[in-house]
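Undergrad: need a 3D model of the sequence below.
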Amino acid sequence: ASDSITQVYLKYLFAYMPLSDFADYDFEFFQRQVEYALLAKETFPWSKDIPEDIFRHYVLPPRINNENLDTARMVIFNEINERLLSTCSNTEEAALEVNHWCHEKVIYRGTDERTISPLGIMRSGFGRCGEESTFLVTALRSVGIPARQVYTPRWAHTDDNHAWVEVWIDGEWKYLGACEPSPALNMGWFTVPATRAMLVHTKQFGENDLYNPDYLENTANYTWINALETYAPAKTVFVQVVNESKMPVWMADVRFQLYNYAELYPLHKTKTDFAGLASFKTGY
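TA: Residues are numbered from 1 along each chain as shown. Modelled structure (predicted):
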């Protein structure tokens, strides 16, 4: 007999999840995650036509960052599904309303480096940008809206970094500040600073996406995607490594680095190809 859709998605999660998740959470935990992801797809009109690859990468996965996983998907769905169904007619309205709901629960405050869980941030009532964006992405996925956390690991103009959220609407990624409600998408205090960013990237959970034009690198669990061009003018920079005889060097380590926090921070690490070339799409 063919597998049910729940079994298919469970196999997908288990194929790509970190080993720590496999060890720390039982089978029933992930089964419930899949069941609620499918429930959201059946419940909300904006979820019914999401392409399969977008659903697998940006709705189904319960993990956003390095947070402890919890049952936030179920708690959030049960708390806000009637609110959204009664007030929102499309994906954009729903995404903005979810962000308003998150703002009702959480305010900004700096915390430690370990990302608190979504239910943990609801209980505490505060979190840093990485935690607020993890919370918002979890909330959006809970109601069937494809979402991802994006991150500039270092600003080019100041010693700091920032994380925010993108939502997938009608084939396009649009952004919003996590727990910072605005009247429309593609608005945020970081809009102007981001025009000077050198890198904005995100994790795409699941199979390697080597042919994505914005591919950066991959791990066993996810692909790093370069999302910079949504925010800033960008250009691909090429470096060629040659030896003393001017011959190309294959598999040489190359780092594209940015000076920040009194150090050269590696935005991207890669190796040269057979022609001795390495490349990186970055800001001006």
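Undergrad: which outside residues touch stretch 178-192?
TA: Outside stretch 178-192, the residues that touch it by C-beta atoms under 8 Å, 6 or more residues apart in numbering are 92, 95-96, 99-100, 102-103, 105-108, 129, 132-133, 135-137, 162-165, 167, 169, 174-177, 231. Glycine gets a C-beta too; all of them are placed from N, C-alpha and C.
Undergrad: any buried residues in it, and which?
TA: Under the neighbour-count criterion of 16 or more other C-beta atoms under 10 Å, stretch 178-192 has 178, 179, 180, 181, 185, 188, 190 buried.
Undergrad: now do the end-to-end distance for it.
TA: Terminal residues of stretch 178-192 lie 17 Å apart, using C-alpha to C-alpha, to the nearest Å.
Undergrad: what do you get for stretch 177-193?
TA: The separation between the terminal residues of stretch 177-193, taken as C-alpha to C-alpha, is 13 Å.
Undergrad: just stretch 103-117 next, same as before
TA: 16 Å.
Undergrad: give the buried subset of the contacts of stretch 178-192 as a PyMOL selection command.
TA: Buried members of the contacts of stretch 178-192, defined by 16+ other C-beta under 10 Å, are picked up in PyMOL with:
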select buried, resi 92+95+96+99+102+103+105+106+129+132+133+135+136+137+162+163+164+165+167+169+174+175+176+177+231
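Undergrad: show me where pLDDT drops low in the stretch 51-200 of the chain?
TA: For the stretch 51-200 of the chain, the stretches with pLDDT under 70 are 110-114.
Undergrad: format the buried residues of stretch 178-192 as a markdown table; extra columns: secondary structure and distance to residue 281.
TA: Shown next, in a markdown table, are those (DSSP: H, G, I helix; E, B strand; the rest coil; distance: C-beta to C-beta, whole Å):
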| residue | secondary structure | distance to residue 281 |
| --- | --- | --- |
| 178 | coil | 25 |
| 179 | coil | 30 |
| 180 | coil | 27 |
| 181 | coil | 31 |
| 185 | coil | 24 |
| 188 | coil | 22 |
| 190 | coil | 20 |
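Undergrad: just curious, which of those residues is nearest to residue 258?
TA: Of all the buried residues of stretch 178-192, residue 190 has the smallest distance to residue 258: 17.1 Å, by C-beta to C-beta.
Undergrad: what's the burial count for the closest residue in space to residue 87 that isn't next to it in sequence?
TA: Nearest residue to residue 87 in three dimensions, chain neighbours excluded: residue 97, at 6.2 Å (C-beta to C-beta, 6 or more residues apart in numbering). Applying other C-beta atoms under 10 Å, we find 17 residues neighbouring residue 97.
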